[in-house]
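In: let's see this in three dimensions:
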Amino acid sequence: MDINAFYSAEFDEHADVVKKTRDACADGFAELLARCTQSVRHGGKIMFFGNGGSAADCQHLATELTIRYKTDRAPIAAVALTTDTSALTAGGNDLGFENIFSRQIEAIGKPGDVAIGISTSGNSENVIRALKTAQALDIVAAALGGKDGGKLVGIADPLIIVPSDTTARIQEMHIMLGQMLCGALELELGLV
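Out: All right, here's what the predicted structure looks like:
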């Protein structure tokens, strides 16, 4: 393997996806920010959920909102539905893995909240079911996806699709967009 060629190719692909994401996702990002801002201003919360690396992003982003992002400020109500191992394992065992997030949304979601599913493929059944549950409960059903959007298309609104087929690049853009959401929310809510 030529490590220098590999190193350069990874950076080149990342830079290309950054540019394409910047061009393709601005409107969806603005809509997601507006929905989250409205929810938090009216006493709502943001619920994040996804699998694997996306689950880690959920935990990261919920923490940025509830604790702090750039400066000390009032907390922003957010929760990662990926962190309660008792709920995840009981839900998986008793209701099926495909229902682990939808059940939690049924339990703690309220009309006007925002549910943000994160799925690089857009086809994670537990994310799809959770978004459908959110819709039924008058909760904003939003998502971050990639590739062609998969089954998220027509379900999530707003839906931000990272224009890439490479899972790693999609995940890099998801965390970037998520952190941008945290920073923009602080500004929109007048917390910094």
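In: in the longest helix along the chain, what's buried?
Out: If you go by DSSP state H, the chain has its longest helix at helix 3-41. Within helix 3-41, the residues scored as buried using 16 or more other Cβ atoms under 10 Å are 14, 17, 21, 25, 28-29, 31-33, 35-37, 39-40. C-beta: built from backbone N, CA, C; applies to glycine.
In: from those, pick the one nearest residue 59.
Out: Ranked by distance to residue 59 (Cβ to Cβ), the buried residues of helix 3-41 are led by residue 36 at 17.4 Å.
In: quick check: that closest one touching residue 182?
Out: No. Counting by Cβ atoms under 8 Å, residue 36 does not reach residue 182; the two are 9.7 Å apart.
In: now do the helices in this structure.
Out: For the chain, the helices defined by DSSP H occupy 3-41, 53-66, 85-94, 100-108, 125-136, 167-188.
In: export those helices to a markdown table and tack on distance to residue 146 and mean pLDDT?
Out: As requested, the helices of the chain are arranged in a markdown table below (distance: least, Cβ to Cβ, whole Å; pLDDT from 0 to 100):
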| stretch | distance to residue 146 | mean pLDDT |
| --- | --- | --- |
| helix 3-41 | 10 | 98 |
| helix 53-66 | 10 | 98 |
| helix 85-94 | 24 | 98 |
| helix 100-108 | 19 | 98 |
| helix 125-136 | 13 | 98 |
| helix 167-188 | 3 | 98 |
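In: which of those helices sits closest to residue 144?
Out: With Cβ to Cβ, the closest approach to residue 144 among the helices of the chain belongs to helix 167-188: 4.8 Å.
In: tilt between the closest one and helix 53-66?
Out: Angle of helix 167-188 versus helix 53-66, following axes from the mean of the first three to the mean of the last three Cα atoms, to 10 degrees, is 10 degrees.
In: residues touching helix 167-188, excluding its own?
Out: 13-14, 17-18, 21, 25, 29, 32-33, 36-37, 40, 53-54, 57, 60-61, 64-65, 69-71, 73, 76, 118, 120, 144-147, 160, 162, 164, 191-192 (Cβ atoms under 8 Å, 6 or more residues apart in numbering).
In: cool, stretch 127-139 as well?
Out: Residues from elsewhere that reach stretch 127-139 (Cβ under 8 Å, 6+ apart): 47, 49-51, 81, 98-99, 101-102, 104-106, 109-115, 117-119, 140-141, 143, 151-152, 155-156.
In: mind redoing it with 6 Å?
Out: Residues from elsewhere that reach stretch 127-139 (Cβ atoms under 6 Å, 6 or more residues apart in numbering): 49, 98, 101-102, 105, 109, 111, 113, 115, 117, 119, 141, 151, 155-156.
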